[in-house]
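A.B. asks: Sequence and computational prediction follow.
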There are 2 protein chains.
Amino acid sequence: MNQTISFITLGVTDLARSRAFYKALGWRESSASQEAIAFYQAGSVAFALFQREALAEDASVASSGSGFSGFTLAHNVPSESAVLATLEEAVSAGATLVRAADKVFWGGFRGYFADPDGFLWEVCFNPFVALDADGFVKLS
Amino acid sequence: MNQTISFITLGVTDLARSRAFYKALGWRESSASQEAIAFYQAGSVAFALFQREALAEDASVASSGSGFSGFTLAHNVPSESAVLATLEEAVSAGATLVRAADKVFWGGFRGYFADPDGFLWEVCFNPFVALDADGFVKLS
(Lines give C-alpha, C1' and ligand atoms only; values in the text may rest on other atoms or scores of the structure.)
Protein backbone atom coordinates (compact mmCIF):
# COMPACT_ATOMS: atom_id res chain seq x y z
CA MET A 1 0.00 0.00 0.00
CA ASN A 2 1.50 3.30 -1.08
CA GLN A 3 2.42 5.74 1.62
CA THR A 4 -0.40 8.16 0.86
CA ILE A 5 -3.35 9.51 2.80
CA SER A 6 -6.02 10.85 0.48
CA PHE A 7 -8.67 12.03 2.92
CA ILE A 8 -9.11 12.66 6.62
CA THR A 9 -12.83 12.69 7.32
CA LEU A 10 -14.31 13.85 10.60
CA GLY A 11 -17.74 12.56 11.51
CA VAL A 12 -19.56 15.53 13.02
CA THR A 13 -22.88 15.84 14.80
CA ASP A 14 -23.95 19.12 13.20
CA LEU A 15 -22.51 19.65 9.74
CA ALA A 16 -23.71 23.25 9.43
CA ARG A 17 -22.06 24.16 12.74
CA SER A 18 -18.78 22.51 11.75
CA ARG A 19 -18.80 24.20 8.34
CA ALA A 20 -19.32 27.55 10.03
CA PHE A 21 -16.49 26.86 12.48
CA TYR A 22 -13.92 25.94 9.84
CA LYS A 23 -15.05 28.90 7.73
CA ALA A 24 -14.51 31.19 10.71
CA LEU A 25 -11.05 29.63 11.10
CA GLY A 26 -10.31 30.83 7.58
CA TRP A 27 -10.66 27.55 5.70
CA ARG A 28 -12.22 27.60 2.25
CA GLU A 29 -14.28 24.72 0.92
CA SER A 30 -13.38 23.06 -2.33
CA SER A 31 -15.89 23.38 -5.17
CA ALA A 32 -16.13 19.58 -4.89
CA SER A 33 -18.13 20.07 -1.68
CA GLN A 34 -21.74 19.00 -1.65
CA GLU A 35 -24.67 19.60 0.66
CA ALA A 36 -23.90 16.47 2.66
CA ILE A 37 -20.12 16.71 2.70
CA ALA A 38 -17.60 19.54 2.96
CA PHE A 39 -14.16 19.16 1.40
CA TYR A 40 -11.06 21.27 2.00
CA GLN A 41 -7.81 20.79 0.12
CA ALA A 42 -4.97 20.92 2.65
CA GLY A 43 -1.79 20.26 0.73
CA SER A 44 -1.71 16.73 -0.61
CA VAL A 45 -4.49 15.57 1.68
CA ALA A 46 -8.17 16.44 1.55
CA PHE A 47 -9.95 17.19 4.80
CA ALA A 48 -13.65 16.36 4.90
CA LEU A 49 -16.59 16.92 7.23
CA PHE A 50 -19.45 14.43 7.09
CA GLN A 51 -22.30 13.55 9.44
CA ARG A 52 -21.09 11.12 12.08
CA GLU A 53 -23.91 8.59 11.57
CA ALA A 54 -23.41 8.68 7.81
CA LEU A 55 -19.67 8.12 8.20
CA ALA A 56 -20.18 5.18 10.57
CA GLU A 57 -22.78 3.73 8.23
CA ASP A 58 -20.44 4.03 5.26
CA ALA A 59 -17.81 2.08 7.20
CA SER A 60 -20.53 -0.26 8.47
CA VAL A 61 -19.68 0.26 12.13
CA ALA A 62 -21.89 1.44 15.00
CA SER A 63 -21.84 5.22 15.35
CA SER A 64 -21.82 5.30 19.15
CA GLY A 65 -18.63 6.22 20.91
CA SER A 66 -17.45 8.40 23.74
CA GLY A 67 -14.37 9.78 25.38
CA PHE A 68 -11.02 10.36 23.74
CA SER A 69 -11.24 9.76 20.00
CA GLY A 70 -7.66 8.48 20.08
CA PHE A 71 -6.10 10.81 17.54
CA THR A 72 -5.01 14.39 17.05
CA LEU A 73 -4.44 16.68 14.11
CA ALA A 74 -1.54 19.09 14.29
CA HIS A 75 -1.04 22.46 12.69
CA ASN A 76 2.60 23.53 12.83
CA VAL A 77 3.58 27.18 12.75
CA PRO A 78 6.96 28.90 12.53
CA SER A 79 7.23 30.49 16.00
CA GLU A 80 5.99 30.50 19.58
CA SER A 81 4.16 33.75 18.97
CA ALA A 82 2.37 32.15 16.01
CA VAL A 83 1.22 29.35 18.33
CA LEU A 84 -0.34 31.91 20.66
CA ALA A 85 -1.89 33.88 17.81
CA THR A 86 -3.34 30.77 16.17
CA LEU A 87 -4.86 29.49 19.41
CA GLU A 88 -6.43 32.90 19.97
CA GLU A 89 -7.76 32.89 16.43
CA ALA A 90 -9.26 29.43 16.96
CA VAL A 91 -10.95 30.47 20.19
CA SER A 92 -12.35 33.55 18.43
CA ALA A 93 -13.76 31.21 15.80
CA GLY A 94 -15.53 29.21 18.50
CA ALA A 95 -12.97 26.58 19.48
CA THR A 96 -12.46 25.45 23.05
CA LEU A 97 -8.98 25.91 24.45
CA VAL A 98 -8.04 22.45 25.78
CA ARG A 99 -4.44 23.10 26.75
CA ALA A 100 -2.93 26.55 26.91
CA ALA A 101 0.37 26.72 25.06
CA ASP A 102 3.45 25.73 26.99
CA LYS A 103 6.93 24.34 26.46
CA VAL A 104 7.30 20.61 25.87
CA PHE A 105 10.22 18.63 27.30
CA TRP A 106 11.57 17.93 23.79
CA GLY A 107 11.89 21.63 23.04
CA GLY A 108 8.65 22.41 21.27
CA PHE A 109 5.94 24.86 22.25
CA ARG A 110 2.33 23.84 21.79
CA GLY A 111 -1.27 24.10 22.86
CA TYR A 112 -4.47 22.32 21.90
CA PHE A 113 -7.91 23.43 20.90
CA ALA A 114 -11.03 21.38 20.29
CA ASP A 115 -13.38 21.89 17.37
CA PRO A 116 -17.18 21.85 17.94
CA ASP A 117 -17.20 18.03 18.20
CA GLY A 118 -14.20 17.90 20.48
CA PHE A 119 -11.74 16.84 17.78
CA LEU A 120 -8.33 17.89 18.97
CA TRP A 121 -5.99 20.18 17.09
CA GLU A 122 -2.48 20.73 18.35
CA VAL A 123 -0.95 24.07 17.37
CA CYS A 124 2.78 23.58 17.54
CA PHE A 125 6.10 25.27 17.03
CA ASN A 126 8.75 22.59 16.58
CA PRO A 127 12.23 24.14 16.24
CA PHE A 128 13.58 20.85 14.84
CA VAL A 129 11.14 20.51 11.95
CA ALA A 130 11.38 22.85 9.00
CA LEU A 131 8.27 24.14 7.27
CA ASP A 132 8.35 24.63 3.52
CA ALA A 133 7.17 27.82 1.77
CA ASP A 134 3.56 26.62 1.96
CA GLY A 135 3.84 25.81 5.64
CA PHE A 136 4.07 22.03 5.29
CA VAL A 137 6.29 19.78 7.33
CA LYS A 138 8.92 17.79 5.49
CA LEU A 139 10.54 15.15 7.66
CA SER A 140 13.92 13.68 6.83
CA MET B 1 -5.31 29.69 10.44
CA ASN B 2 -3.69 28.48 7.24
CA GLN B 3 -5.34 25.56 5.51
CA THR B 4 -2.62 23.06 6.41
CA ILE B 5 -2.52 19.83 8.37
CA SER B 6 1.00 19.05 9.54
CA PHE B 7 0.50 15.79 11.43
CA ILE B 8 -2.13 13.13 11.92
CA THR B 9 -1.21 11.26 15.09
CA LEU B 10 -2.87 8.02 16.11
CA GLY B 11 -2.78 7.09 19.78
CA VAL B 12 -2.13 3.36 19.87
CA THR B 13 -2.17 0.83 22.69
CA ASP B 14 0.89 -1.13 21.57
CA LEU B 15 3.38 0.95 19.62
CA ALA B 16 5.55 -2.02 18.60
CA ARG B 17 2.53 -3.85 17.20
CA SER B 18 1.39 -0.78 15.25
CA ARG B 19 4.88 -0.17 13.88
CA ALA B 20 5.01 -3.79 12.71
CA PHE B 21 1.61 -3.48 11.08
CA TYR B 22 2.40 -0.33 9.10
CA LYS B 23 5.76 -1.81 8.12
CA ALA B 24 3.98 -4.91 6.84
CA LEU B 25 1.68 -2.59 4.87
CA GLY B 26 4.77 -1.27 3.13
CA TRP B 27 5.16 2.03 4.97
CA ARG B 28 8.65 3.24 5.78
CA GLU B 29 9.44 5.31 8.85
CA SER B 30 11.12 8.65 8.58
CA SER B 31 14.58 8.96 10.09
CA ALA B 32 12.95 11.50 12.42
CA SER B 33 11.28 8.60 14.24
CA GLN B 34 12.27 7.94 17.81
CA GLU B 35 11.73 5.06 20.20
CA ALA B 36 8.53 6.60 21.55
CA ILE B 37 7.10 7.91 18.29
CA ALA B 38 7.01 6.68 14.72
CA PHE B 39 6.79 9.18 11.86
CA TYR B 40 5.91 8.53 8.22
CA GLN B 41 5.97 11.21 5.56
CA ALA B 42 2.80 10.86 3.47
CA GLY B 43 2.85 13.65 0.93
CA SER B 44 2.53 17.01 2.61
CA VAL B 45 1.27 15.51 5.85
CA ALA B 46 3.19 13.48 8.41
CA PHE B 47 1.52 10.44 9.90
CA ALA B 48 2.57 9.52 13.44
CA LEU B 49 2.04 6.67 15.89
CA PHE B 50 2.30 7.45 19.59
CA GLN B 51 1.13 5.68 22.73
CA ARG B 52 -2.50 6.52 23.42
CA GLU B 53 -1.96 7.53 27.05
CA ALA B 54 0.98 9.73 26.10
CA LEU B 55 -1.04 11.42 23.36
CA ALA B 56 -3.96 12.08 25.71
CA GLU B 57 -1.58 13.39 28.33
CA ASP B 58 0.06 15.74 25.83
CA ALA B 59 -3.36 17.15 24.98
CA SER B 60 -4.25 17.10 28.68
CA VAL B 61 -7.42 15.07 28.20
CA ALA B 62 -8.44 11.75 29.76
CA SER B 63 -7.26 8.79 27.70
CA SER B 64 -10.38 6.66 28.15
CA GLY B 65 -12.73 6.30 25.26
CA SER B 66 -14.67 3.62 23.49
CA GLY B 67 -16.71 2.92 20.40
CA PHE B 68 -16.45 4.73 17.08
CA SER B 69 -13.52 7.14 17.08
CA GLY B 70 -15.50 9.46 14.83
CA PHE B 71 -13.09 9.75 11.92
CA THR B 72 -11.69 7.80 9.01
CA LEU B 73 -8.58 7.95 6.88
CA ALA B 74 -8.92 7.21 3.20
CA HIS B 75 -6.46 5.81 0.72
CA ASN B 76 -7.60 6.38 -2.84
CA VAL B 77 -6.46 4.11 -5.65
CA PRO B 78 -6.95 4.32 -9.41
CA SER B 79 -9.29 1.37 -10.05
CA GLU B 80 -11.75 -1.08 -8.54
CA SER B 81 -9.24 -3.89 -8.88
CA ALA B 82 -6.71 -1.81 -6.93
CA VAL B 83 -9.28 -1.46 -4.13
CA LEU B 84 -9.58 -5.24 -3.93
CA ALA B 85 -5.82 -5.76 -4.10
CA THR B 86 -5.12 -3.13 -1.42
CA LEU B 87 -7.70 -4.55 0.97
CA GLU B 88 -6.19 -8.01 0.47
CA GLU B 89 -2.73 -6.59 1.11
CA ALA B 90 -3.95 -4.93 4.31
CA VAL B 91 -5.54 -8.13 5.57
CA SER B 92 -2.32 -10.01 4.81
CA ALA B 93 -0.50 -7.40 6.89
CA GLY B 94 -2.82 -8.12 9.82
CA ALA B 95 -5.70 -5.68 9.26
CA THR B 96 -9.31 -6.59 9.95
CA LEU B 97 -11.67 -6.30 7.01
CA VAL B 98 -14.51 -4.12 8.29
CA ARG B 99 -16.48 -3.69 5.09
CA ALA B 100 -15.83 -5.72 1.98
CA ALA B 101 -15.55 -3.52 -1.09
CA ASP B 102 -18.77 -2.64 -2.85
CA LYS B 103 -20.26 0.07 -5.03
CA VAL B 104 -21.41 3.27 -3.39
CA PHE B 105 -24.54 5.12 -4.53
CA TRP B 106 -22.46 8.08 -5.75
CA GLY B 107 -20.47 5.90 -8.14
CA GLY B 108 -17.42 5.00 -6.11
CA PHE B 109 -16.18 1.58 -5.06
CA ARG B 110 -14.78 1.15 -1.58
CA GLY B 111 -14.12 -1.04 1.40
CA TYR B 112 -12.78 -0.47 4.88
CA PHE B 113 -10.14 -2.11 7.00
CA ALA B 114 -9.21 -1.52 10.62
CA ASP B 115 -5.65 -1.24 11.88
CA PRO B 116 -4.63 -3.01 15.13
CA ASP B 117 -6.36 -0.36 17.26
CA GLY B 118 -9.49 -0.31 15.16
CA PHE B 119 -8.65 2.92 13.34
CA LEU B 120 -10.58 2.85 10.10
CA TRP B 121 -9.04 3.12 6.65
CA GLU B 122 -11.25 3.42 3.62
CA VAL B 123 -9.73 2.10 0.41
CA CYS B 124 -11.54 3.86 -2.39
CA PHE B 125 -11.77 4.21 -6.13
CA ASN B 126 -13.50 7.48 -6.92
CA PRO B 127 -14.00 7.89 -10.68
CA PHE B 128 -14.69 11.62 -10.20
CA VAL B 129 -11.47 12.47 -8.38
CA ALA B 130 -8.20 12.44 -10.26
CA LEU B 131 -5.02 11.22 -8.61
CA ASP B 132 -1.76 12.93 -9.46
CA ALA B 133 1.42 11.08 -10.46
CA ASP B 134 2.23 10.41 -6.80
CA GLY B 135 -1.24 9.11 -6.09
CA PHE B 136 -2.55 12.17 -4.27
CA VAL B 137 -6.00 13.62 -4.58
CA LYS B 138 -6.33 17.16 -5.93
CA LEU B 139 -9.80 18.56 -5.53
CA SER B 140 -11.05 21.44 -7.62
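C.D. replies: Thanks, I have it. Numbers count the residues shown, from 1 in each chain, chains lettered A, B, ... in the order given.
A.B. asks: how about stretch A:88-108: buried residues?
C.D. replies: By 16 or more other CB atoms under 10 Å in any protein chain shown, the buried positions in stretch A:88-108 come out as A:Glu89, A:Ala90, A:Ala93, A:Ala95, A:Val98, A:Arg99, A:Ala101, A:Gly108. Quick note: C-beta positions are derived from backbone N, CA and C, even for glycine.
A.B. asks: which non-adjacent residue is nearest the fourth one?
C.D. replies: Beyond its immediate neighbours in the sequence, the residue positioned closest to A:Ala95 (CB to CB, 6 or more residues apart in numbering or on different chains) is A:Phe113, lying 4.0 Å away.
A.B. asks: Could you look up the SS state of the one you found?
C.D. replies: For A:Phe113, the secondary structure call by DSSP: H, G, I helix; E, B strand; the rest coil comes out as strand.
A.B. asks: which strand residues sit across from it in the sheet?
C.D. replies: Under DSSP bridges, the beta-bridge partners of A:Phe113 are A:Leu97, A:Trp121.
A.B. asks: Now intersect the buried residues of stretch A:88-108 with the helices, please.
C.D. replies: Secondary-structure check on these using DSSP state H: residues within helices are A:Glu89, A:Ala90.
A.B. asks: Show me the two of the buried residues of stretch A:88-108 that sit farthest apart.
C.D. replies: Across those, the longest distance by CB to CB is 23.3 Å; it joins A:Ala93 and A:Gly108.
A.B. asks: one step back: pick the one among the buried residues of stretch A:88-108 closest to chain B.
C.D. replies: In terms of CB to the nearest CB, no member of the buried residues of stretch A:88-108 lies closer to chain B than A:Arg99, at 4.3 Å.
A.B. asks: Does the closest one touch B:Ala56 like I think?
C.D. replies: No: distance between A:Arg99 and B:Ala56: 10.9 Å, which falls outside the contact criterion (CB atoms under 8 Å).
A.B. asks: on that earlier part again, quick one: pLDDT of the residue nearest to A:Ala95?
C.D. replies: Reported pLDDT at A:Phe113 in the predicted model: 98.
A.B. asks: List the contacts of it.
C.D. replies: Going by CB atoms under 8 Å, 6 or more residues apart in numbering or on different chains, A:Phe113 touches A:Leu87, A:Ala90, A:Val91, A:Ala95, A:Thr96, A:Leu97, A:Val98, A:Leu120, A:Trp121, A:Val123.
A.B. asks: Ok, A:Glu80 next?
C.D. replies: Applying CB under 8 Å, 6+ apart, the residues near A:Glu80 are A:Ala101, A:Phe109, A:Phe125.
A.B. asks: can I get the residues you listed in TSV with pLDDT and distance to B:Leu139?
C.D. replies: Putting the contacts of A:Glu80 into TSV (pLDDT from 0 to 100; distance: CB to CB, whole Å) gives the following:
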residue	pLDDT	distance to B:Leu139
A:Ala101	98	32
A:Phe109	98	32
A:Phe125	97	29
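A.B. asks: ok, what's across the strand from A:Gly11?
C.D. replies: When bridges are taken as DSSP bridges, the partners of A:Gly11 come out as A:Phe50.
A.B. asks: so it touches B:Gly67, yeah?
C.D. replies: No: counting by CB under 8 Å, A:Gly11 does not reach B:Gly67; the two are 11.6 Å apart.
A.B. asks: More neighbours: these two, which one.
C.D. replies: Looking at A:Gly11 and B:Gly67 with other CB atoms under 10 Å in any protein chain shown, you find the greater number of neighbours at A:Gly11, namely 28 against 15.
A.B. asks: number of nearby residues for the nearest residue to A:Ala101 once chain neighbours are set aside?
C.D. replies: Residue nearest to A:Ala101 in three dimensions, not counting chain neighbours: A:Gly111, with 3.5 Å by CB to CB, 6+ apart. Using other CB under 10 Å as the criterion, A:Gly111 is surrounded by 21 other residues.
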